[in-house]
Every structure is written in structure tokens, then in C-alpha cells.
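K.L.:
the amino acid sequence is not available; the structure is as follows:
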């Protein structure tokens, strides 16, 4: 049972435009969400996170939106740059007790065209 | 601060052998988690160590084991290697506060089982 879903395997956008990456989750116990960026043969790099007590978090060109009722979050990248081309993973955790386990989606490959 | 380091970066083994991978967390971090990334299954949680104790465990067979030392460095061992164990093994560190938080990943160890 896939608890974190990134239904679109790939996304292609023009440089300078907005990239919107979507993620859905099914486990209502998840209360902390993260986005990671990954290049081939490297480890994931942390981008931005959001707690379930918020509905938006912004860091530079990256904004994450959380819709708890829909169990949906999205990552907005504005403006998109060619260097943003990578695989983006959505991850979630249930911060109950000492649980640090991250559950990941399958990832979205973002291509930013010059 | 230095990031998470993993050794070796690449490893080739044959079926039936065993392997030990090493991870050094970010200075001051006490939690180390291990993940397996394969093309088919994505990033999957193996286990987490905190203060030399396994705190969380994923759904992997007993052939996968780990330990953590007093300096928070961690090792992961896979015994009786199978072809399907070929993967990128990632370790991630965090401070390990009970409420859970952002995990920072190392570059990974690429294991190929022949």
C-alpha cells in the first residue's frame, strides 16, 4: 500500500515559468512533510518542509502548500531554472513518539528547458 | 559543518557474500536512518538507530542488520547477498529529537551483486 503518491512521473517546463509538483498521501497520521531533490548517483538533498499546523511554507524560489483535508501537498518553484532539473521526492512522517521513519513517494523527474 | 559521509561509495559483491556499509552522521546528530533505493521500489526505510539502539525498523528480512557506535557512526550489514539487493543504500542523520525532524542524506553506497 503506497501511502505517499506522486502520480505524475515527469514534468517538463520552460525556464522562467512555474513548476508545480504534486503529492498525495493516505495516512492521516502523517504530520510532517518534506521535499527532497535528487541527482543521479547522489543522495537526496533537503529542499523544504512543512508541518501539518501550517498550510504554506516558503523559502526563496520554493513554496510548499499543504491541504490537509484533501491530503495533498504541492511544491511550487518560481522561476524555474535549468539547474532545477532533477528528481523530486515527497516524503512524510508521523511525528508520534520516537518515530523518525520517512515514507517516500516514487519521485517526479523535472526537466526545465532553457 | 561536514555533511553525512558514507563509505565505500561503490561496491561489487557476488551472491552469498556479506557486506558492511558505513555512515558517519553530521556532527552532533544522534540519529542515523538507513534507506534502500531501487528503480522498482523507490526509497524504502530499513531501520533507524538512536543512541546505539535500534529505534525503528522497516519491512526487510533479517539479513539486513545494523548497529550504531557511541560516536553515532553507524554500520549496516547485509548477509547472504542476493541479486535483488543491488541498490543504492542511503543513510540519513538527524538530531533524533522524539518529535522527528528533517533528515539529511549522505551520497549513498552503490552496491552491485553479481
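P.N.:
Alright, I've got the coordinates. Note that the coordinates shown come from a computational prediction; the quantities given were computed from them, not determined experimentally.
K.L.:
contacts and neighbour counts: CA atoms only from here.
P.N.:
OK.
K.L.:
tell me what the host helix or strand of residue B:21 is packed against?
P.N.:
Per DSSP states H and E, residue B:21 falls inside strand B:19-24. Contact analysis of strand B:19-24 by 3 or more CA pairs under 8 Å, 6 or more residues apart in numbering or on different chains; DSSP states H and E lists strand B:5-7, strand B:74-78 as its packing neighbours.
K.L.:
the shortest one: what's the following helix or strand?
P.N.:
The reference is to strand B:5-7. Scanning onward from strand B:5-7 (DSSP H and E), the first element met is strand B:10-13.
K.L.:
now do whichever helix or strand comes after the strand holding residue B:21, average pLDDT.
P.N.:
Next along the chain after strand B:19-24, taking DSSP H and E as the criterion, comes strand B:31-38. On average, the pLDDT along strand B:31-38 is 94.
K.L.:
other residues contacting the helix or strand following strand B:31-38?
P.N.:
Downstream of strand B:31-38, the next assigned helix or strand under DSSP H and E is strand B:42-50. With CA atoms under 8 Å, 6 or more residues apart in numbering or on different chains as the test, strand B:42-50 has contacts from A:100-107, B:30-37, B:54-60, B:64, B:66-68, B:72, B:74, B:96.
K.L.:
select only the buried ones of these in ChimeraX?
P.N.:
Listed next is the ChimeraX selection for buried residues among the contacts of strand B:42-50, using 16 or more other CA atoms under 10 Å in any protein chain shown:
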select /A:100,101,102,103,104,105,106,107 /B:30,31,32,33,34,35,36,37,54,55,56,57,64,66,67,68,72,74,96
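K.L.:
how about residue B:83, phi and psi?
P.N.:
Residue B:83 adopts backbone torsions of phi -60, psi -40, taken as degrees, to the nearest 10.
K.L.:
and it, how far is that from residue B:65?
P.N.:
Remark: distance between residue B:83 and residue B:65 (CA to CA, to the nearest Å) = 18 Å.
K.L.:
between these two, which one's more packed in?
P.N.:
Taking neighbours as other CA atoms under 10 Å in any protein chain shown, residue B:83 and residue B:65 compare with residue B:65 leading, 17 against 13.
K.L.:
re the thing from before, could I get the helices and strands packed on strand B:19-24 in TSV, plus columns for mean pLDDT and distance to chain A?
P.N.:
Listed next are those as TSV, based on pLDDT from 0 to 100; distance: least, CA to the nearest CA, whole Å:
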stretch	mean pLDDT	distance to chain A
strand B:5-7	97	10
strand B:74-78	98	16
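K.L.:
distance to residue A:49 for those strands - can I get that in a markdown table?
P.N.:
Output for the helices and strands packed on strand B:19-24, formatted as a markdown table (distance: least, CA to CA, whole Å):
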| stretch | distance to residue A:49 |
| --- | --- |
| strand B:5-7 | 23 |
| strand B:74-78 | 26 |
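K.L.:
quick one: check stretch A:80-87 for contact with chain B.
P.N.:
No. Judged by CA under 8 Å from any CA of the partner chain, stretch A:80-87 stays clear of chain B, getting no closer than 11.5 Å.
K.L.:
residues in contact with that stretch: which ones?
P.N.:
A:13-19, A:37-39, A:107-114.
K.L.:
may I see the buried residues of it?
P.N.:
Buried residues in stretch A:80-87 (16+ other CA under 10 Å): A:80-81, A:84-87.
K.L.:
ditto for stretch B:83-103
P.N.:
Neighbour count says stretch B:83-103 has B:85-97, B:100-103 buried, by 16+ other CA under 10 Å.
K.L.:
chain center to it: distance?
P.N.:
6 Å (CA atoms, centre = their mean, to the nearest Å).
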